[in-house]
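In: Here's my sequence, what's the structure:
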Amino acid sequence: AARTFVLTGEPPRKWRNILYNQVGPEEYYAEATHIGDGMSRYRDARGNTVNVLGYDCKYLYIRDDETNEVFNPAGMPVPTPVRDRVIRIYPSKTEIVSVCADLRVSARYFVPKSELLEAWTVKIENLSNRPRKISVFAYAMFALHGSDHEDRGFWKDTYSEIHAELGGTLVFNRLHHLPLKKMNGFLVALNHFHAANGYRDHFTHADYSLGAPRILSGWNCNNTGDYGPDCAGVVQCTLTIPAGGQDRVDYLAGPCVDAVEVRGIRGRLSPARLDLLDQEQMDAEKKRASAFTISTGDVNRDGLFNIFVKKQIYSYLVDKGGVRDNLQNDNAVALFDPATARANILKTLSVHQADGSSLHSWRPLNRHHYSDKPFYMLQSVPWYIKESGDFD
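Out: The predicted structure is shown next:
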């Protein structure tokens with residue numbers, strides 16, 4: 001009924017939930033694992049791709065500013081134990097809830113349907129009988145490398161700036177001849193902003209351990225940017241929560257052109273707006289999932305097929321532009337979203353040639369010819385017509 005899988009134990013490896021905006025000319029693809037980290041990337045209409053955040057390099061930290069006790073909502077990478085940990089994996093988001101130091105914390109990760117970014121919301125409830133002074137730190141190491149529309153790679157040469165008026169850090173790739181303008185990254189807070197920093201080494205000790213950052217010994221952000229390959233966003237928010245009270249911090253992370261664009265993003269988003277966008281994504285996934293259902297008698301198998309498989313199939317069209325793969329995938333998409341399947345089939349057929357050959361992929365462009373590519377239209381087009389009745 002809640003349309004979620006609940007993870008109560010520790011899996012043998014990270015569980016990665018795939019998050020995305022929607023199939024379209026510009027797409028944002030992100031992952032949120034059961035401990036809150038995960039990579040993300042942006043792709044424009046031509047196929048220029050920017051890896052925004054890498055693996056194992058984005059985390060949320062909670063600190064009691066009176067005792068310097070630090071923990072993560074998922075109980076790692078800082079080894080401070082948490083209790084009553086529950087990870088809820090929805091088709092549209094990941095939520096982590098736990099208790100530590102008389103604080104109940106929930107962390108929500110999702111990608112809005114209409115935005116090119118990811119939103120992290122931290123809600124904190126004070127379970128003690130005294131007011132609490134709390135700092136929330138968001139950390140994100142920016143990758144900012146990728147490939148152009150013909151899959152030619154480029155690296156990064158970064159510097160960071162602190163924009164207190166925007167509530168966070170902007171990291172810029174200053175390489176010349178980059179394939180697109182949206183080659184930079186941002187991490188900002190919508191509320192309770194205190195200060196920010198712009199480099200990994202400001203946040204960590206010399207061993208670079210994200211499980212033992214400087215904040216364990218009382219370090220605070222001091223609005224310092226930097227230059228070098230390891231520019232990161234570190235954004236500190238401070239809250240005073242009364243006994244029995246609760247509050248929240250909302251962070252946004254993603255690619256950007258400049259501070260002007262980030263200012264526009266912050267202008268149209270608020271905590272209340274994020275909650276509405278969260279519900280919008282939930283409704284979109286529910287609509288996809290409800291197109292048809294199966295019943296095998298096994299609740300977990302049925303949940304996987306009825307709630308998650310259609311989401312995973314749709315997500316494959318985000319950030320993907322290959323002839324064979326997309327046409328095969330359209331056979332499944334046609335079962336629950338014929339309009340998306342139709343648009344993707346037409347887009348794929350646009351790279352078929354008059355002599356019957358086809359490109360390997362178009363986003364990014366790959367001119368290599370494989371002998372099997374032209375044949376998938378003979379499977380996918382009739383299948384789509386049979387599912388949709390769309391003879392036009």
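
In: hey, where'd the strands end up in the stretch 151-300 of the chain?
Out: Using DSSP state E, counting those that start in this stretch, the strands of the stretch 151-300 of the chain run over residues 153-154, 158-163, 168-173, 184-189, 193-199, 231-241, 246-256.

In: and stretch 321-329, which residues are buried?
Out: Across stretch 321-329, burial judged by 16 or more other Cβ atoms under 10 Å covers 321-324, 326-327, 329. The way it works is simple: take the backbone N, C-alpha and C, and place the C-beta from them, glycine included.

In: before we move on, what about stretch 150-157?
Out: Per 16+ other Cβ under 10 Å, stretch 150-157 contains these buried residues: 154, 156.

In: The nearest residue to I35 once chain neighbours are set aside: how many residues sit nearby?
Out: In space, I35 comes closest to A74 once its chain neighbours are excluded; the distance is 4.0 Å by Cβ to Cβ, 6 or more residues apart in numbering. Using other Cβ atoms under 10 Å, A74 has 23 neighbouring residues.

In: The one 5 residues further on too?
Out: The criterion is other Cβ under 10 Å. On that basis, P79 has 10 neighbouring residues.

In: Would you enumerate the residues in contact with the residue nearest to it when sequence neighbours are not counted?
Out: For P79, ignoring the flanking residues on the chain, the nearest one in space by Cβ to Cβ, 6+ apart is G211 at 6.3 Å. When contacts are counted by Cβ atoms under 8 Å, 6 or more residues apart in numbering, G211 touches 76-79.

In: Quickly note the distance from G211 to G54.
Out: From G211 over to G54 the distance is 17 Å, taken as Cβ to Cβ, to the nearest Å.

In: now P229
Out: 12 Å.

In: thought S361 was touching L327?
Out: No: counting by Cβ atoms under 8 Å, S361 does not reach L327; the two are 11.6 Å apart.

In: R132 bridge partners, please.
Out: Beta bridges link R132 to I241 when assigned by DSSP bridges.

In: Tally up the residues packed near it, please.
Out: R132 has 22 nearby residues by other Cβ under 10 Å.

In: hang on, it packs against E125?
Out: No: shown here, R132 and E125 do not form a contact pair, counting by Cβ under 8 Å, at 10.2 Å.

In: hey, what's in contact with both of these two?
Out: In contact with both R132 and E125: 103, 241, using Cβ under 8 Å, 6+ apart.

In: circling back: next, format the buried residues of stretch 321-329 as TSV and append secondary structure, distance to I18 and pLDDT.
Out: What follows is the buried residues of stretch 321-329, written out as TSV (DSSP: H, G, I helix; E, B strand; the rest coil; distance: Cβ to Cβ, whole Å; pLDDT from 0 to 100):
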residue	secondary structure	distance to I18	pLDDT
G321	coil	17	85
G322	strand	17	89
V323	helix	22	92
R324	helix	21	92
N326	helix	17	93
L327	helix	21	95
N329	helix	14	94
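
In: Which parts of the stretch 51-200 of the chain are helices?
Out: Applying DSSP state H, counting those that start in this stretch to the stretch 51-200 of the chain gives helices spanning 200-203.
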